[in-house]
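In: sharing a model that was predicted from the sequence below.
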Amino acid sequence: ILLLSSSVLVSKGYNLYMAIVISLRDFVDEMQVFSDEEHAYLNKATGELNTITNDDIAVVESGDDWSDYPEWQQSVFQNTKEVLSSDDYLELPSRFDIHEYEIMERFCLSVSDEKISNLLLSKIRGSGAFHKFKDTIYRYGIEEDWFRFKDEAYKEIAISWLESHGFEHIDDMNRREKNI
């Protein structure tokens, strides 16, 4: 996360709040790597992103003793416990909130070559839609168009979410290579 400023400053008895500015690239990257087994949270006070897994949540919620686990894993459990028990964290939009299938469909409709557009639309129907879609965009050499389209869709979701929660953001989407 790119934090341009953060936290509450105390100077001569005054609390001066400096806005947390969130990197769109980091936020979008976090949303794009979701699986059904993971949840990402934004710390409202620091802007830090935390990803926790269903397995870690299950261990923390079980109330079992963590002392038999390696130290690194105990640290993960402590972080998970903090995220789940603190009001300082907001859960990011999940895969189910994002509707990637709809994003793929909008991309298919945006392709100017009608033959490729129709082919892509046929590939996203039925089982294996994501795999067939990826194969087709690579076959026709339009994967970069897809990356840009997908990043832009995720960027719009990120901006909407961040603004609705009162966060400022910096548009650094070109900072790194995109993910599919």
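Out: Structure's in. What do you need?

In: okay, now the unreliable bits of the chain?
Out: For the chain, the stretches flagged by pLDDT under 70 are 1-18, 176-180.

In: hey, where'd the helices end up in it?
Out: Residue ranges of the helices in the chain, as given by DSSP state H, are 24-32, 54-62, 71-85, 95-98, 100-110, 114-123, 129-139, 143-164.

In: closest one to Asn43 among the ones you listed?
Out: Ranking the helices of the chain by proximity to Asn43 (CB to CB) places helix 71-85 first, at 8.2 Å. Yep, even glycine has a C-beta here, placed from its N, CA and C like the rest.

In: circling back to that earlier point, could you dump the helices of the chain into JSON lines with mean neighbour count and distance to Asn174 added?
Out: Conversion of these to JSON lines gives the following (neighbours: other CB atoms under 10 Å; distance: least, CB to CB, whole Å):
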{"stretch": "helix 24-32", "mean neighbour count": "21", "distance to Asn174": "8"}
{"stretch": "helix 54-62", "mean neighbour count": "15", "distance to Asn174": "33"}
{"stretch": "helix 71-85", "mean neighbour count": "15", "distance to Asn174": "30"}
{"stretch": "helix 95-98", "mean neighbour count": "13", "distance to Asn174": "21"}
{"stretch": "helix 100-110", "mean neighbour count": "16", "distance to Asn174": "19"}
{"stretch": "helix 114-123", "mean neighbour count": "15", "distance to Asn174": "25"}
{"stretch": "helix 129-139", "mean neighbour count": "15", "distance to Asn174": "21"}
{"stretch": "helix 143-164", "mean neighbour count": "17", "distance to Asn174": "9"}
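
In: tell me the contacts of the residue nearest the centre of the chain?
Out: When the chain is reduced to its mean C-alpha position, the closest residue under CA atoms, centre = their mean turns out to be Met31, at 1.5 Å. Residues in contact with Met31 (CB atoms under 8 Å, 6 or more residues apart in numbering) are Ala40, Leu92, Pro93, Ile98, Tyr154, Ile157, Ala158.

In: quick check: it vs Tyr41, distance?
Out: Computed with CB to CB, to the nearest Å, the distance linking Met31 and Tyr41 is 12 Å.
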